[in-house]
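K.L.:
what would the 3D arrangement of this be:
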Amino acid sequence: MKTLFYNIGMLATPQGSRPLCGKEQSEVRILKDAWILSEDGLISDLGEGTPLSADRKVDCQNLLVTPGLVDCHTHLVFGGWRENELEMKLSGKSYLDILEAGGGILSTVKATREMPEEDLYTKSRKLLREAMLHGTTAIEIKSGYGLNRETEEKQLRVGKKLREINPDIALTYMGAHAFPKEMTRDEYIDFLCNEGIPSVAKQGLADFCDVFCDDGVFTAEESERILSAGKKHGLIPKMHADEIKDIGGVRVAAHVGAISCDHVSETDEEGMEAFLSSGMVAVMLPATSFYLQKPYGRFRKMIDKGIPVAIASDFNPGSSPSLSMTFAMTAACLYNRLTPKEALTAATLNSACAVGMEKRLGALEKGKNTDLVIWDAPNLNRLVYRFGSNLALAVYKRGEKITG
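P.N.:
Take a look at the predicted model:
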């Protein structure tokens, strides 16, 4: 089946199958009066002017078309919500105050442990559809709200089942998200390395292993041990680091060969050099900074230094309850001074690289999946400018319409 997407007012896409950095991050290909020919879910040709013939035609109404967005960092599968913490934050309560009042991450752990797997799947399926409705065609999902073997695996089984709706879901084991109440620090790290990681890997429940390496959570030494254990069992390392304080997490991530290091809003010059020497993708999470009213990091400087930067939503119930990748793109432009072209690359190709999907996703070019969004906007600037509005008019996955 050949499908022709024609009457594209502006086609905007990064190019290639590797992370783009420095000036390359802004080198977005722009085609006017464009068309894309899709055959069996893959792009077979594209160009400007008179289109080729096809079995089926989709009129793009002279609007903007981009690659489908890739959200490379989410915590989409969880029980409960935490909207009750909002007023506590507004009244000046600290995170520790909220934790002592029964809130914080451990309240989500409790809710996730208690929620039956089928109910957790039903809730997560709805959230996945919401993400796709906003233009996300590929997504990463972490565990991390179980902090025990049973619930962490339950979260990952739900994520795996969601692949029936969208096959391009990367799954990450993040048992090292926090410490459970029922174990000592050393006991839990031993459990992660000797039981949790081997069990997940044996069942094929995850592609990656992540750890929260930051002040008050896992130390750099503990993080290296956990990620090395994951790597031994075939799980690709990823890391949360330098969100609160730079404690050397980026350097550990580089040392163990992590594919990405995320948050990194407090990364120092030495950490930036570790990015440069390793080729890791730096994943910025501006919606989290917005919600927590925390520093946005030095991602403008990272791009200028030649570090590939990606954008993700960090969707989670505590610090980023938004699945809108376009809002994250706008925040990146306003608070980190990315250009709209740099933000598009960050939310598509570089994000795909952060989850190992760059060979088939992240750009509109021959041989890649026909994952695209028709936006209710005439150009890329309008898309980023219209924050707070969902401009995704129609979303296509492998050439088939999934929303709109």
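
K.L.:
surely Leu349 and Gln25 touch.
P.N.:
No: assessed by CB atoms under 8 Å, Leu349 is found out of contact with Gln25, at 9.1 Å. Yep, even glycine has a C-beta here, placed from its N, CA and C like the rest.

K.L.:
give me the common contacts of the two.
P.N.:
Both Leu349 and Gln25 are contacted by Pro14, under the criterion CB atoms under 8 Å, 6 or more residues apart in numbering.

K.L.:
between these two, who's got more neighbours?
P.N.:
Leu349 (29 against 26; other CB atoms under 10 Å).

K.L.:
give me the helices and strands touching the longest helix that the chain contains, please.
P.N.:
Ranked by number of residues, the top helix in the chain under DSSP state H is helix 117-133. For helix 117-133, the packing partners by 3 or more CB pairs under 8 Å, 6 or more residues apart in numbering; DSSP states H and E come out as helix 149-162, strand 392-397, strand 400-403.

K.L.:
quick check: buried residues in that helix?
P.N.:
Across helix 117-133, burial judged by 16 or more other CB atoms under 10 Å covers 120-121, 123-125, 127-128, 130-133.

K.L.:
please pull up the helix or strand immediately following that helix.
P.N.:
Using DSSP states H and E, the helix or strand that follows helix 117-133 in sequence is strand 136-142.

K.L.:
could you single out the nearest of the buried residues of helix 117-133 to Ile303?
P.N.:
Using CB to CB, Ala131 is the member of the buried residues of helix 117-133 that lies nearest Ile303, at 25.5 Å.

K.L.:
that closest one touches Asp71, doesn't it?
P.N.:
Yes: contact criterion CB under 8 Å: Ala131 and Asp71 qualify, at 6.5 Å.

K.L.:
could I get the CA-only coordinates of the lowest-mean-pLDDT helix or strand in the chain as PDB?
P.N.:
One helix or strand of the chain scores below all others by mean pLDDT, DSSP states H and E: helix 95-100, with a mean of 76. Extracted in PDB, the C-alpha atoms of helix 95-100 (Å, rounded to 0.1, in the frame of the first residue of the first chain):
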ATOM      1  CA  TYR A  95       9.600  18.300  50.000                       C
ATOM      2  CA  LEU A  96      10.600  16.900  53.300                       C
ATOM      3  CA  ASP A  97       7.500  18.500  54.900                       C
ATOM      4  CA  ILE A  98       5.300  16.900  52.200                       C
ATOM      5  CA  LEU A  99       7.100  13.500  52.700                       C
ATOM      6  CA  GLU A 100       6.500  13.600  56.500                       C
END
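
K.L.:
run through who's touching it.
P.N.:
Among residues not part of helix 95-100, those counted as contacts by CB under 8 Å, 6+ apart are 85, 88-89, 104-106.

K.L.:
the helices in the stretch 201-350 of the chain, which residues?
P.N.:
In the stretch 201-350 of the chain, the helices defined using DSSP state H, counting those that start in this stretch lie at 220-232, 249-256, 269-278, 286-292, 299-305, 325-336, 340-347, 349-353.
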